[in-house]
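Participant: structural data only, the sequence is not supplied:
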């Protein structure tokens, strides 16, 4: 416990990305009403600068890893990886949102960007918290910002439905998690992950094993909701379908990555001694999530809904690596999420463009003949879809490869085989999009796709380049992930 | 002995208030029952020697939030809601869930203290008193979550303002 | 200059990929430019690839043009490519067929030309990659990469049911290859390497001990992926659809090159890595391949559609190849590999000729033709020659392969040979019957008006194949020595460890020995 109330410089440096984002976001709220309607686009530029600064600071903070604020927060390879990942996701979301609100309701919106920034604070806390209380606060900040963003277009019925569903079910799930945290505190006398781990190793397991299992199960419900694992995935399709497309991208990429960071951190530190008991539960959840996601996606005709189910399925693949509870598994989770974020943002960015004003064109059939109408857009979407299928030379392939390699390392042979068969089945619904895009003529009513703004173009190009980079030269990211995974203890 | 008596009194207040909250027809009555229930919980805090929580419970929940609730209820016309059925058909399912939860709680209780484990940090009551200890914890160890909770509230306020703003169309 | 000649294989492998990228940058609306560019480029690749032959034939049984560099540090994935007697002719076949495919698509493909030719070059890169990779991971990457352009070739430029056929093709192959991926990872976790030569060495020397159950399942996972591609009965159902719907060039590449990926991989991967499992499974696999030979022939006989007929004949011919491989005799494997090339040449030629007929009459139904020999005597002559090659007439190419395979089957079990020869007879029946119904008899008016004789470009595409049919039939010695040298090595690996009791050593004994050595 620090003797002084004044935090040390190291403490501040380790928290600095969050401090900058919080202060910057608050500042944005102040300038927002003072900016004229024509100049609202500046808010996006401010958000980009803030996020870039946060990225730079988190890299700087990594030069001096360690815990800060009396073990509240930990800066290590793992948290730095996820900080940069969620910031990157936020950055791409900001880029793809430029012009979206102008298109949808005639004016840009400053609060939206501030909400993204706030949400990033929450997600970054989820990645770096070493404390269940801080973890919960981070989760709530990110979630509440998410609820608001999902219903941002208030005049749109689908937006309202999406936000309400997300809010009600999300609050319910976080309540479960909070309840679990309370139990853990009662059983071990601490909410610090390291202390909890020591308490479990030091006899809490023998004394109150059943209650500990109940507590972890309660927390798992909360996690499972946030990563949209079956059977807590039912919100995902409705929310992603109803929310504005850029928001759906943000929720299914960044929020999910942060939730996985949280799950992995807790499972690999505090509850690591229980991993043998978790295995069955994770095994079944992973399998159920893959199956539910893929087979529901097969039947969708709305592309946003299909992508929602596909994101459920991807959560299942990642859970396979979590089930392996090994360092290789953690590295695989990290690599998977990196490539997943890129391809998801990319695919939603393309959907945002094709959907046009009012998101009219979101049926899969609306993509027919895209390769003739918009060849570059079609090529980008092809890259993302191949990555989602897991075709070599895209990031998605190596991601799947590492996940299943980690699973086989841990002798999860059946889970691997079932997972691979699942990803073969998944190819079918991604192929449907490719089929209409390449092999069907453009529909009569399909108008020309609006010219893309510079922001969304940049987002698509960056995601595509990133996806291919991870597919051809995965070593850099994987090496970092491998090193970072060793630190989680 | 007196402690036990007070415990049952407050517990009864809390439970009865909660039951009334969901069974009363008028929204105002519901809110008042909820106040009673919260007051019962506050009493339980006091019995546990958590004076600060007791005070917070009274000032914030009963004094602040609930009174705000009552204002809202009185300002907004909720008469139509009073005429509606109080329960869904699904109440049976809810009852089963409640009974199961109660049974599991009883089972754990029946196993006695060991099943709850022995909290590692069983701090002895400090001579400084409860409030000082809490302040120490909040402003030293839990400084970051404490400060960030304000960000959480800020985001929530932004959200409610956005939702309440005039519609554009 | 040495750098150039050392790196010749890398150049042949990546030249098509470069061509693919340049092709994408060409203007959209100038079809003539795109065609000429692709023809010139693929001819360039072919000519460069001819430079490979000398070195490999001078070094039979060894690897030439080896490049072995790190691609990914951890897990250790290497860019390891090399050429030997087994892969040499398959690479040359691929580079030869690509310009031919450009020629035959000249008039046939009118819409979205640029993409078509770009995909053709990408496909060439993928299949060459499969034939030269010696790192299992790299092999898998090329295996999948070759899938993508073929999917588009069928799906965009095919006939009416093209989308169904393309998706079916993709999903069948993907399912198989994902199981193969699981097996590859398993092997890596056991051994720490993806390198095929290293793995083979470890298994041969007993440094990598796989339990017989493990080895069986791994063999099965690999074999399943390869058998889908071959395709072996009963996994062949995607083939008639894919061929029936694909554009001519797609059918040619599919039949002549892509199916060979499966049989090639069996020889390259399955036999050396899992010798015991291969031997144990051989009787069942041979049975399936004989069923395939006869079933394919019988179904081909009743096909009203020419392309589907040729497709089913492929099922039958590829059955011979698998049969030859699993006899584990020198003659059998030599014949099988030779038969892969033969099938590539003659079935490719058949698909091209059927494509010519389709371009004239816009139908593939045999019933829509008849008496074609009257308006198009040259076309008919070539068709008959190709048919005779395909049914295995002596002095033409298929005869050599089929003869070697049957001879080997005879050595192993006379029954195999009997049933397999039944397939040969049946193939003569259905092919000649089709020729008779199509080219002879009365000439309907539609045929008389629409069917014209061969054009210069069509000749240009067919002549190299005709030359090869004859050359491979009589000049066997130009092609067979490197194949034989390489197969000898493979056979040594598959044979049980104790040479004295080579033919009869029980598998249990051998596994025991390996364990002791370990």
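Facilitator: Good, I have the coordinates. Quick caveat, the model's predicted, so the values are computed rather than measured.

Participant: distance of residue C:345 relative to residue C:89?
Facilitator: Distance of residue C:345 to residue C:89, computed by CB to CB, to the nearest Å: 10 Å. The way it works is simple: take the backbone N, C-alpha and C, and place the C-beta from them, glycine included.

Participant: let me fix that: residue B:37
Facilitator: Residue B:37 is 86 Å from residue C:89, by CB to CB.

Participant: higher neighbour count, the two?
Facilitator: More neighbours surround residue C:89 than the other of residue B:37 and residue C:89, with 24 against 19 (other CB atoms under 10 Å in any protein chain shown).

Participant: doesn't residue C:483 make contact with the more buried one?
Facilitator: Yes: between residue C:89 and residue C:483 there is a contact under CB atoms under 8 Å: 7.1 Å.

Participant: pLDDT weak spots in the chain?
Facilitator: I went with chain A, as the question did not name one. A:1-5, A:204-207, A:444-450, A:487-489 (pLDDT under 70).

Participant: should've been chain C
Facilitator: C:1-4, C:496-518.

Participant: ok and the residue in it nearest chain B?
Facilitator: Per CB to the nearest CB, residue C:74 is where chain C lies closest to chain B, at 36.4 Å.

Participant: would you double-check that that residue falls in a strand?
Facilitator: No: counting by DSSP: H, G, I helix; E, B strand; the rest coil, residue C:74 is located in no strand; its state is coil.

Participant: quick one, phi/psi of it?
Facilitator: Main-chain torsions, residue C:74, degrees, to the nearest 10: phi -140, psi 130.

Participant: surely it and residue A:474 touch.
Facilitator: No: look at residue C:74 against residue A:474 with CB under 8 Å: they stay out of range, at 10.1 Å.

Participant: quick check: buried residues in the host helix or strand of residue B:38?
Facilitator: Of the helices and strands defined by DSSP states H and E, residue B:38 is found in helix B:27-47. Buried positions in helix B:27-47, judged by neighbour count with 16 or more other CB atoms under 10 Å in any protein chain shown: B:27, B:30-47.

Participant: which strands and helices sit next to it?
Facilitator: Using 3 or more CB pairs under 8 Å, 6 or more residues apart in numbering or on different chains; DSSP states H and E as the contact test, the elements touching helix B:27-47 are helix B:2-23, helix B:51-56, helix B:67-75.

Participant: quick one: contacts for the residue positioned nearest the centre of chain B?
Facilitator: Per CA atoms, centre = their mean, the C-alpha nearest to the average position across chain B is that of residue B:38, at 5.9 Å. For residue B:38, the contacting residues are B:14, B:17, B:57, B:61-62, B:66, by CB atoms under 8 Å, 6 or more residues apart in numbering or on different chains.

Participant: please apply the same query to residue A:334.
Facilitator: Contacts of residue A:334 by CB under 8 Å, 6+ apart are A:78, A:81-82, A:481, A:484-485.

Participant: and those, which two are furthest apart?
Facilitator: Spatially, the most separated pair among the contacts of residue A:334 is A:82 and A:485, at 11.9 Å (CB to CB).

Participant: distance from the helix or strand residue A:428 falls within to the middle of the chain?
Facilitator: Here residue A:428, judged by DSSP H and E, is contained in helix A:413-439. Averaging C-alpha positions (CA atoms, centre = their mean, to the nearest Å) puts helix A:413-439 21 Å from its chain's average.

Participant: counting contacts, what elements does that helix pack onto?
Facilitator: helix A:275-297, helix A:303-323, helix A:370-373, helix A:375-389, helix A:395-409, helix C:147-157, helix C:162-191.

Participant: tell me the angle the second one makes with helix A:375-389.
Facilitator: Going by axes from the mean of the first three to the mean of the last three CA atoms, to 10 degrees, helix A:303-323 is angled at 40 degrees with respect to helix A:375-389.

Participant: who are the packing partners of helix A:303-323?
Facilitator: So helix A:303-323, by 3+ CB pairs under 8 Å, 6+ apart, packs with helix A:235-242, helix A:245-250, helix A:256-268, helix A:275-297, helix A:327-355, helix A:395-409, helix A:413-439.

Participant: now with 6 Å, please.
Facilitator: helix A:235-242, helix A:275-297, helix A:327-355, helix A:395-409, helix A:413-439 (3 or more CB pairs under 6 Å, 6 or more residues apart in numbering or on different chains; DSSP states H and E).

Participant: other SSEs contacting the fourth one?
Facilitator: Of the remaining helices and strands, those touching helix A:395-409 by 3+ CB pairs under 6 Å, 6+ apart are helix A:303-323, helix A:327-355, helix A:375-389, helix A:413-439, helix A:454-472, helix C:162-191.

Participant: in JSON lines, list the ones you listed along with distance to residue B:137.
Facilitator: Compiled in JSON lines, these are given as follows (distance: least, CB to CB, whole Å):
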{"stretch": "helix A:303-323", "distance to residue B:137": "33"}
{"stretch": "helix A:327-355", "distance to residue B:137": "32"}
{"stretch": "helix A:375-389", "distance to residue B:137": "47"}
{"stretch": "helix A:413-439", "distance to residue B:137": "43"}
{"stretch": "helix A:454-472", "distance to residue B:137": "43"}
{"stretch": "helix C:162-191", "distance to residue B:137": "48"}
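
Participant: how many neighbouring residues does residue 150 have?
Facilitator: Here I'm looking at chain A. 28.

Participant: the chain in question should be chain C.
Facilitator: Neighbour tally, residue C:150, other CB under 10 Å: 26.

Participant: ditto for residue C:74
Facilitator: Residue C:74: 11 neighbours (other CB under 10 Å).

Participant: ok, residue C:486 next?
Facilitator: The number of residues near residue C:486, taken as other CB under 10 Å, comes to 25.

Participant: chain neighbours aside, what residue packs nearest to it?
Facilitator: residue C:85 (3.5 Å; CB to CB, 6 or more residues apart in numbering or on different chains).

Participant: could you work out the end-to-end span of stretch A:67-86 for me?
Facilitator: 20 Å (CA to CA, to the nearest Å).

Participant: run the chain-centre distance for it.
Facilitator: For stretch A:67-86, the distance to the chain centre is 17 Å (CA atoms, centre = their mean).

Participant: now it: buried residues?
Facilitator: Quick answer for stretch A:67-86 (16+ other CB under 10 Å): A:67-86.

Participant: helix or strand: which one has residue 102?
Facilitator: Let's take chain A. helix A:100-105.

Participant: meant chain B actually
Facilitator: Counting by DSSP H and E, residue B:102 is found in helix B:91-110.

Participant: tell me how far the next helix-or-strand element following that helix lies from the chain's centre.
Facilitator: Using DSSP H and E, the next helix or strand after helix B:91-110 towards the C-terminus is helix B:130-136. Distance, stretch centre to chain centre, for helix B:130-136: 21 Å (CA atoms, centre = their mean).

Participant: is helix B:130-136 in proximity to chain A?
Facilitator: No: Helix B:130-136 stays clear of chain A (CB under 6 Å from any CB of the partner chain), getting no nearer than 8.5 Å.
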